[in-house]
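A.B. asks: everything below, folded, please.
(chains A and B)
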Amino acid sequence: MKSGSAHPNRSTEEQLAILSGAEPFFFRAGRTGCLLLHGFTGTPFEMRGLGEHLAGAGLTALGPRLFAHATRQEDLTRARWQDWLASAEDGYHLLSGCCDAIIPIGLSMGGVLALLLASASPVAGAVTLSTPLHPPDRRMRPLRPVAPIVSKLRRFADKGPADFDDPAAASTHLEYPQYPIRAAAELYDLILEMRKHLVEVRCPVLVVHSRRDRSVRFSDGEALMAKLGSQDKQSLWLEHSGHVVTRDTELRAVFEAVAAFVQRLARSTR
Amino acid sequence: MSQLLPGGEPFFLPGGSTGCLLIHGFTASPQEMRRLGDHLAGEGHTVLGVRLPGHATVLTDMLRVRWTDWYAATLDGACLLSDMCARIVPVGLSLGGALALRLAAEQPVAAAVALSTPYRQPPDRRLAVLRHLTWIVRFWRKGPPDWRDPQAQAERVAYPAYPLRAIAEVDATLAAMRSTLESIRAPVLLMHSAEDDFVRPDNMGLIAGNITASRVETALVTHSNHIITCDAARQLVFKRVAEFISRHTCDAP
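C.D. replies: Residues are numbered from 1 along each chain as shown, chains lettered A, B, ... in the order given. Down below sits the predicted model:
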């Protein structure tokens, strides 16, 4: 890895691709732009169905690829949380070239980025899907200072079994097979960064979470609702879905709730 | 709070069915492609100016990026444009030109433009030593500015130094470009400043000579430094690039 990348002839083709089906997307429709942000180790694929639904409802949808995602999981060991926020900001700036109002919509870590954008940029609203308020693993707290060293010895951690309710969605999911430990430490820092800025989020927010989410607990969704600085807060609590609510059993309810929320904001900003 | 340098943001200009993918150079930012983007949008084209990872944020970010990140960002831009355009034309400056040519070799593009693009980096004995010491010496100051247009110099959004670790990644990008030049089937326009002291103009001929399977046009400009999209000869560059793209896309704006 260290000097290997300086020799592109070595397995060049294997190094270069974006995972097939995980490419970013840009569906142009109206002057309201939805910025669809995928989750940690995820890909734009998990936001694509929602993007297609929103475009069908007359809304522009941009699904960027966050830095070091949808390529090789080794790439993610080089990422810092600032890179992911910069990717989200890139998307915001691209959308601002064709939209008057922008609404960041993020799944899991994408929701963390959506709230950070909402705390600092003029957005019309924000949507969080399965978004954590607490770091994923309590053991991270004492381990965080040594994470950069630990991650050199043990680079990847296995993911637990997926919590999809819909087995068909589970079998077609596209993401890295493992968690890079160095990057998990960055996710930890990113969540702490979001917590610092939560009270600065003043725009309307829709919080979506499933009671059966085994990756980010349902109580995080409830606590997020309570902590947000916004006056206009809406929630959609799901009963059956797992963590990836944009692809699981109740995806229709999610798509319709998000579209209705965005359209309400689009009307009020007009 | 923002991660991006003010003025260094990527940009999107909606337009017709030809999508121009603008790719900036090493240690620079989308800012150096913006005026060209405005010109092409004025011609009726759709324009997207990507930000390459590690750029337009903080200099130390450059130490972590690899050339594959830059190429993936180029692919990202092509994916986004392909969702709304019938055809894509990558247009890159310097390192961005190498990425544009690599894209042209691997993806179906209507045409490609590489401006001030190196065929290989000039041998520099100091750098040859320093690049093995990147854990001690991390940055290398840029030389004195050589702008003909002081206004363009004042507007520039770029890093003040070269991150040594990332120079190896420029080498890797150029090697990847050289290895696929012969696969390019789309028409190519190469432009260079005759007075480019940073990447000598003979690089243009070396690139042209290795593109064997398609038609290559070359053009030299004068009164410009390396950044021909911004310096005094920029209007000439804009007109030539726009004319080339129109000729190879037959786009009714």
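
A.B. asks: just give me the neighbour total for the closest residue to chain B within chain A.
C.D. replies: In chain A, the residue that lies nearest chain B is residue A:97 (3.5 Å; Cβ to the nearest Cβ). C-beta here means a position set from N, CA and C on the backbone, and glycine is covered the same way. Residue A:97 has 19 neighbours, counted by other Cβ atoms under 10 Å in any protein chain shown.

A.B. asks: quick check: it touching residue B:9?
C.D. replies: No: using Cβ atoms under 8 Å, residue A:97 makes no contact with residue B:9, being 9.9 Å away.

A.B. asks: phi and psi next, for the residue of chain A closest to chain B.
C.D. replies: phi -70, psi -10 (degrees, to the nearest 10).

A.B. asks: next: residue A:154.
C.D. replies: phi -130, psi 110.

A.B. asks: look up the closest residue to it, ignoring the ones flanking it.
C.D. replies: Distance criterion Cβ to Cβ, 6 or more residues apart in numbering or on different chains; nearest residue to residue A:154, sequence neighbours excluded, is residue A:181 at 6.2 Å.

A.B. asks: got the confidence number for the one you found?
C.D. replies: With respect to pLDDT, residue A:181 scores 90.

A.B. asks: can you report how many residues lie near residue A:104?
C.D. replies: So residue A:104, with other Cβ under 10 Å, has 29 neighbours.

A.B. asks: would it count as being in a helix?
C.D. replies: No: judged by DSSP: H, G, I helix; E, B strand; the rest coil, residue A:104 forms no part of a helix; its state is strand.

A.B. asks: ok, the residue of chain A closest to chain B - contacts?
C.D. replies: Listed by Cβ atoms under 8 Å, 6 or more residues apart in numbering or on different chains, the contact set of residue A:97 reads B:11-14.

A.B. asks: and for residue B:60?
C.D. replies: Counting by Cβ under 8 Å, 6+ apart, residue B:60 has contacts B:138, B:163.

A.B. asks: neighbours of residue 143, how many?
C.D. replies: Just going to use chain A. 15.

A.B. asks: wrong one, I was asking about chain B
C.D. replies: Counted with other Cβ under 10 Å, residue B:143 comes out at 9.

A.B. asks: one more: the one 4 residues further on?
C.D. replies: Residues within reach of residue B:147, counting by other Cβ under 10 Å, total 17.

A.B. asks: kindly report the same for residue B:239.
C.D. replies: Other residues close to residue B:239 by other Cβ under 10 Å number 12.

A.B. asks: same thing with residue B:164?
C.D. replies: 21.

A.B. asks: mind listing the helices for the stretch 51-200 of chain B?
C.D. replies: Using DSSP state H, counting those that start in this stretch, the helices of the stretch 51-200 of chain B run over B:67-82, B:95-106, B:125-130, B:150-155, B:164-180.

A.B. asks: counting by contacts, list what the first one packs against.
C.D. replies: By that I understand helix B:67-82. helix A:12-16, strand A:25-27, strand B:18-23, strand B:46-50, strand B:87-93, helix B:95-106, helix B:164-180 (3 or more Cβ pairs under 8 Å, 6 or more residues apart in numbering or on different chains; DSSP states H and E).

A.B. asks: residues contacting stretch A:104-111, please?
C.D. replies: A:34-40, A:42, A:46-47, A:50, A:66, A:84, A:88, A:92, A:112-115, A:117-118, A:123, A:126-132, A:187, A:190, A:215-216, A:243-246, A:258, A:262.

A.B. asks: pull the CA atoms of that stretch into PDB?
C.D. replies: Presented in PDB, the C-alpha positions along stretch A:104-111 are these (Å, rounded to 0.1, in the frame of the first residue of the first chain):
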ATOM      1  CA  PRO A 104     -29.600  17.400   2.800                       C
ATOM      2  CA  ILE A 105     -31.000  13.900   3.400                       C
ATOM      3  CA  GLY A 106     -28.700  11.400   5.000                       C
ATOM      4  CA  LEU A 107     -28.700   7.800   6.100                       C
ATOM      5  CA  SER A 108     -26.900   6.900   9.300                       C
ATOM      6  CA  MET A 109     -23.500   8.800   9.100                       C
ATOM      7  CA  GLY A 110     -25.000  10.600   6.100                       C
ATOM      8  CA  GLY A 111     -27.600  12.000   8.500                       C
END
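
A.B. asks: which SS state does the residue nearest to residue A:37 when sequence neighbours are not counted fall under?
C.D. replies: Distances taken as Cβ to Cβ, 6+ apart put residue A:110 closest to residue A:37, at 3.2 Å, once the chain neighbours are dropped. Taken by three-state DSSP, the conformation at residue A:110 corresponds to helix.
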